[in-house]
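Q: Next input, structure requested:
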Amino acid sequence: MGFWEFAYMTESSRNAVSVEGAQLIDGKAMAAQMTDDIRQQVEKLVEQGHELPGLAVVLVGNDPASEVYVKNKAIQTHRAGMKSFMHMMPESTSQEELLTLIDELNANPKVNGILVQLPLPAQIDPIVVTNAIKPEKDVDGLGEVNTGRLALGMKNGIVPCTPLGCLKLLQSVHKDMTGLHAVVVGASNLVGKPMAQLLLKENCTVSVAHIHTRNIEEITRQADILVVATGKAELVKANWVKPGATVIDVGITRLKTAEGKSRLVGDVDFEAVRHVAGYITPVPGGVGPMTIACLLHNTFQAARSEVNLSE
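A: So this is what the prediction gives:
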């Protein structure tokens, strides 16, 4: 089973429910199914006499949101039947100290995947750190080797987790995306650029909009598929969206309410857009769970590849 064959395609009725006009794409349910499937594959790998796949996650600093996210990754890794190796380093960690740890993890046969949680403190260059990870263990898919493989359309690369999760959500409601106009709002290396590459691979006509795009709402209104990853809360309004379009909301922001509490919102004004869109992902419960599920998927694939190489 090759990398691109390890896909989770489900019928629309299994992962989309009505939400006053739009169909809600249930990323939480889909991620749970992916995790269960990975666990079964891990069990088969162990039955064949191989080691449990292992994922090492490195967190530098004391960012509370990152700490919660990293702990959740560890929980889901165990749920998928794999080993989790946590490395918590202080804010004062130097780049040399972090690179030393990465060298140790690269050489550790029990570690199949390495993820360094971003952002990193100012004294550390994230590009240097990402490229220090062996390409076959770069389960975040952000190193220059895997980035290049994706750009060239090669099948032996590791795809960044969030764009891969978005693609699987789209595949769950579109069996064929050939010829559809896909607009990606946001041009980051983490989401926007690799998302565009994946959509091109699906034979979409792809437009990428960003902070300097003029008359952006005119472009987004042309989209059959709209993927939004800007980090700006509720940026996309109803009049930005083509009726019946599929909307994938990557953003997540915590806003304070008038009562002094807080709520999580995406980059899309969900309450307004749900009346226009054909399909839409919620926040939370959409892209977020799929990002972690795809991290587990990438780790398992890395373990499989290592077994095949050794054999």
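
Q: Just the element for A56, please.
A: strand 54-60 (DSSP states H and E).

Q: neighbouring strands for that strand, and are they parallel or not?
A: Strand 54-60 sits in its sheet next to strand 83-89 (parallel), strand 113-116 (parallel), going by DSSP bridges.

Q: neighbouring contacts of it?
A: Defining contact as Cβ atoms under 8 Å, 6 or more residues apart in numbering, one finds that strand 54-60 is touched by 66-67, 70, 73-74, 77, 82-91, 93, 98, 101-102, 105, 108, 110-117, 120-121, 124, 139, 295-296, 299, 303. The C-beta positions use only the backbone N, C-alpha and C, and glycine is treated the same way.

Q: Helices - which of these land there?
A: Those of the contacts of strand 54-60 mapping onto helices are 66-67, 70, 73-74, 77, 98, 101-102, 105, 295-296, 299, 303, per DSSP state H.

Q: Among those residues, which pair sits farthest apart?
A: Largest separation among these by Cβ to Cβ: E67 and A303, giving 26.1 Å.

Q: Which of the two has more residues huddled nearby?
A: A303 (24 against 14; other Cβ atoms under 10 Å).

Q: Cross-check the contact I'm expecting between the more buried one and P53.
A: Yes. Taking contacts as Cβ atoms under 8 Å, A303 lies within contact range of P53: 3.5 Å.

Q: Overlap of the contact sets of the two?
A: In contact with both A303 and P53: 45, 82, 112-113, using Cβ under 8 Å, 6+ apart.

Q: Reformat these as a markdown table; add pLDDT, neighbour count and distance to V185.
A: Converted to a markdown table, the shared contacts of A303 and P53 look like this (pLDDT from 0 to 100; neighbours: other Cβ atoms under 10 Å; distance: Cβ to Cβ, whole Å):
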| residue | pLDDT | neighbour count | distance to V185 |
| --- | --- | --- | --- |
| L45 | 95 | 19 | 39 |
| M82 | 98 | 22 | 34 |
| N112 | 98 | 27 | 34 |
| G113 | 98 | 28 | 29 |
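
Q: which of those lies closest to L200?
A: For the shared contacts of A303 and P53, the nearest to L200 is G113 (26.0 Å; Cβ to Cβ).

Q: got the contact list for the closest one?
A: G113 neighbours (Cβ under 8 Å, 6+ apart): 53-56, 137, 139, 295, 298-299, 302-303.

Q: CSV for those residues, including distance to P284 and pLDDT?
A: Output for these, formatted as CSV (distance: Cβ to Cβ, whole Å; pLDDT from 0 to 100):
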residue, distance to P284, pLDDT
P53, 27, 97
G54, 28, 98
L55, 22, 98
A56, 26, 98
K137, 29, 98
V139, 23, 98
L295, 17, 98
N298, 22, 98
T299, 23, 98
A302, 27, 97
A303, 29, 96
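
Q: Quick one: buried ones out of the residues you listed?
A: 53-56, 137, 139, 295, 298-299, 302-303 (16 or more other Cβ atoms under 10 Å).

Q: and E218, what helix or strand is that in?
A: Going by DSSP H and E, E218 is in helix 216-220.

Q: L169 against I280, yeah?
A: No. Applying Cβ under 8 Å, one finds L169 not in contact with I280, separated by 10.4 Å.

Q: Using TSV, please lay out the strands paired with strand 54-60 together with distance to P289.
A: Output for the strands paired with strand 54-60, formatted as TSV (distance: least, Cβ to Cβ, whole Å):
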stretch	distance to P289
strand 83-89	17
strand 113-116	16
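
Q: Highest mean neighbour count out of those strands?
A: Ranked by mean neighbour count, the strands paired with strand 54-60 are led by strand 113-116 with a mean of 26 (mean count of other Cβ atoms under 10 Å).

Q: now that strand, how far from the centre of its chain.
A: 14 Å (Cα atoms, centre = their mean, to the nearest Å).

Q: can you list the residues that contact whichever helix or strand comes after it?
A: Once the chain leaves strand 113-116, the next helix or strand it forms, by DSSP H and E, is helix 126-132. Residues outside helix 126-132 that contact it (Cβ under 8 Å, 6+ apart): 95, 98-99, 102-103, 106, 116, 118-120, 138, 140, 142-144.
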